[in-house]
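Undergrad: Here's a sequence, model it:
(chains A, B, C and D)
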Protein chains: 2
Amino acid sequence: MIKKTKPKKIREVSVDKILSAAQDEFILQGYKGATVQAIADSAGMPKANVLYYFKNKENIYHAVLEQTLNMWDEGIGDILLEDGPKLAIEKFVKAKVIMSFTNPKASKIYAMEIIQGAQHLQEFTRSYLHQWVQSKAEIFQCWIDKGQMQPIDPVSLIFLIWSSTQHYADFDNQILTIKNQTDYTENDITQVTDFLTNFILRGCGLK
Amino acid sequence: MIKKTKPKKIREVSVDKILSAAQDEFILQGYKGATVQAIADSAGMPKANVLYYFKNKENIYHAVLEQTLNMWDEGIGDILLEDGPKLAIEKFVKAKVIMSFTNPKASKIYAMEIIQGAQHLQEFTRSYLHQWVQSKAEIFQCWIDKGQMQPIDPVSLIFLIWSSTQHYADFDNQILTIKNQTDYTENDITQVTDFLTNFILRGCGLK
DNA sequence: CAAAAACTTGACCTTTTGGTATGTTTTTTC
DNA sequence: GAAAAAACATACCAAAAGGTCAAGTTTTTG
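TA: You can find the predicted model right below:
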């Protein structure tokens, strides 16, 4: 038996509360605009207590960012050579749409970070993302070479899928306003998944 | 003859310098993170001078935002019934791509504002944008009814065009990193215009 | 060319905020 | 059940930042 069962209860709960509160504050106010006091209030504890768990604001932000990237990584779905272009794109688009609708906050944090120049990231975009896109582009290229799909630029295709799906998370305010709704419905998710899947497949000459 | 010829030289120049500097600061640091001092430094004048032209930081931001929205409005291109779906989409996509590549800053300011909940906007999104989308959706619907294009949801189509084009402005950092470039080239603009136009036309069943 | 208007600027004030210091209470461990 | 560790909380500090003031300089105007 390993001794470390799960003695961390109180810490875990507090950290989660802080991180959740911090995520909201960072989205609404930006990095500089989010105050430790506001995060503490939102988390329901005194400021000094927040600084007890995280040495400083920068650390809180990094923790939020790390959490966000993990979520992004998990939810990104995968593109597998053996699936063939049609199924692979269907799976990928669906995964991204679900991500956007169920976890818009992560998408927003990430978007703001990139827009502002990725000042707090570094290795992630520079190496990991580059590799991810390259490896997936190769798979698309493979399908194109075999005549399984139209000869289009795979990298541009990936960007289009990213942008068109993430849009529903990042710009949810705008979209809801335009559609005269207060919240997304289950129906919205399936409608958007449907639309994007069909549209993109057609764009790839797969329908 | 109207008396108001153009006696505003010095003011105009100063205001422009401030606005340009402010735009950069707001993008890089967010609303709260951008300091009046930093804007002043970047504009090459003392802080008090900036506050002479704009009563406070909020006013600077509003001016930047207004400038941004005007640019958005001008550059958005139009969708005309008489153009028919193919030409209209070609024109619209091209206008948006050019906007994104030539004026990424405006797109970024706008994106951040929306992501953060459009706290400084109000009427714009709520009425103007809603109307714009509705009126253009009607045109698409008209083409669909006449059998000139596939029966797809026009609103979703508009969102896809917006997102896929603006992506190149908002996420330019990420895209350049992934592509291992330091700047966009003329070639990138035409390549992206080409890709998106063809892809979207195919998605609409117009190719 | 003088008076007024527009512009420039350094000094200053006040509030906000990140972070610390210190002491108290609760929980865990042996 | 007592000592040690973890968690909680109040008061406080120093730096940063928004904004004002008042005095100076330049430009415009009649």
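
Undergrad: can we go C-alpha only for contacts and neighbour counts from here?
TA: Fine.

Undergrad: Tell me how far the helix or strand harbouring residue A:190 lies from the chain's centre.
TA: Taking DSSP states H and E as the definition, one finds residue A:190 inside helix A:186-203. Averaging C-alpha positions (Cα atoms, centre = their mean, to the nearest Å) puts helix A:186-203 19 Å from its chain's average.

Undergrad: Report all helices and strands that it contacts.
TA: helix A:84-102, helix B:186-203 (3 or more Cα pairs under 8 Å, 6 or more residues apart in numbering or on different chains; DSSP states H and E).

Undergrad: Could you say which helix or strand holds residue A:27?
TA: Assigned by DSSP H and E, residue A:27 falls in helix A:10-33.

Undergrad: Please see if whichever helix or strand comes after that helix touches chain B.
TA: Heading C-terminal from helix A:10-33, the first helix or strand you meet, by DSSP H and E, is helix A:36-43. No. Using Cα under 8 Å from any Cα of the partner chain, we find that helix A:36-43 stays clear of chain B, coming within 14.0 Å at best.

Undergrad: domain ranges for chain A?
TA: A:10-64, A:76-203 (automatic domain parsing).

Undergrad: now the first one: how far from the chain's centre is it?
TA: Relative to the mean C-alpha coordinate of its chain, domain A:10-64 is positioned 20 Å out (Cα atoms, centre = their mean).

Undergrad: Span of it from start to end?
TA: In domain A:10-64, first residue to last residue: 19 Å (Cα to Cα, to the nearest Å).

Undergrad: closest one to DNA strand C among the helices and strands packed on helix A:186-203?
TA: helix A:84-102 (28.5 Å; Cα to the nearest atom of the strand).

Undergrad: pLDDT weak spots in chain A?
TA: A:1-8, A:125 (pLDDT under 70).

Undergrad: The same query, at a cut-off of 90, please.
TA: A:1-9, A:71-78, A:121-128, A:207 (pLDDT under 90).

Undergrad: re the thing from before, now do the helix holding residue A:190: everything it contacts.
TA: Under the contact criterion Cα atoms under 8 Å, 6 or more residues apart in numbering or on different chains, helix A:186-203 has outside partners A:86, A:89-90, A:93-94, A:97-98, A:101, A:161, A:164, A:207, B:152-153, B:156, B:198-205.

Undergrad: How many residues are close by residue A:127?
TA: Per other Cα atoms under 10 Å in any protein chain shown, the neighbour tally for residue A:127 reads 12.

Undergrad: what separates it from chain B, distance-wise?
TA: Using Cα to the nearest Cα, to the nearest Å, one gets 8 Å for the distance from residue A:127 to chain B.

Undergrad: what do you get for residue A:134?
TA: Remark: distance between residue A:134 and chain B (Cα to the nearest Cα) = 8 Å.

Undergrad: separation between that residue and residue A:18?
TA: As judged by Cα to Cα, residue A:134 and residue A:18 stand 36 Å apart.

Undergrad: Kindly report the same for residue A:46.
TA: 11 Å.

Undergrad: Of those two, which one has the most company?
TA: residue A:18 (25 against 15).

Undergrad: isn't the more buried one right up against residue A:50?
TA: Yes. The criterion here is Cα atoms under 8 Å, and residue A:18 meets it with residue A:50 at 7.0 Å.

Undergrad: Quick check: residues of chain A near DNA strand D?
TA: A:8, A:9, A:10, A:11, A:14, A:45, A:46, A:47, A:48, A:49, A:52 (Cα under 7 Å from any atom of the strand).

Undergrad: buried subset of the contacts of helix A:186-203?
TA: Buried members of the contacts of helix A:186-203, scored by 16 or more other Cα atoms under 10 Å in any protein chain shown, are A:86, A:89-90, A:93-94, A:97-98, A:101, A:161, A:164, B:152, B:156, B:198-205.

Undergrad: Please produce a markdown table containing the helices and strands packed on helix A:186-203, extended by distance to residue A:140.
TA: A markdown table is the format used below for those (distance: least, Cα to Cα, whole Å):
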| stretch | distance to residue A:140 |
| --- | --- |
| helix A:84-102 | 7 |
| helix B:186-203 | 15 |
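
Undergrad: With distance to DNA strand C added, can I get those in a markdown table?
TA: Listed next are those as a markdown table, based on distance: least, Cα to the nearest atom of the strand, whole Å:
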| stretch | distance to DNA strand C |
| --- | --- |
| helix A:84-102 | 29 |
| helix B:186-203 | 37 |
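
Undergrad: any shared contact partners between residue A:18 and residue A:50?
TA: Common contact partners of residue A:18 and residue A:50 (Cα under 8 Å, 6+ apart): residue A:40.

Undergrad: which ones are touching residue A:43?
TA: By Cα under 8 Å, 6+ apart, the contact list for residue A:43 reads A:17, A:18, A:20, A:21.

Undergrad: Any figure for the gap between the second one and DNA strand D?
TA: So that's residue A:18. Residue A:18 sits 10 Å away from DNA strand D, going by Cα to the nearest atom of the strand, to the nearest Å.

Undergrad: Look up the closest residue to that residue, ignoring the ones flanking it.
TA: residue A:43 (5.5 Å; Cα to Cα, 6 or more residues apart in numbering or on different chains).

Undergrad: That neighbour and residue A:30, how far apart?
TA: Residue A:43 sits 17 Å away from residue A:30 when distances are taken as Cα to Cα.

Undergrad: now the residue nearest to residue A:18: how far from residue A:17?
TA: Distance from residue A:43 to residue A:17, by Cα to Cα: 5 Å.

Undergrad: swap in residue A:180?
TA: 32 Å.

Undergrad: do the same with residue A:126
TA: 31 Å.

Undergrad: neighbour-wise, which of those two wins?
TA: residue A:17 (19 against 16).
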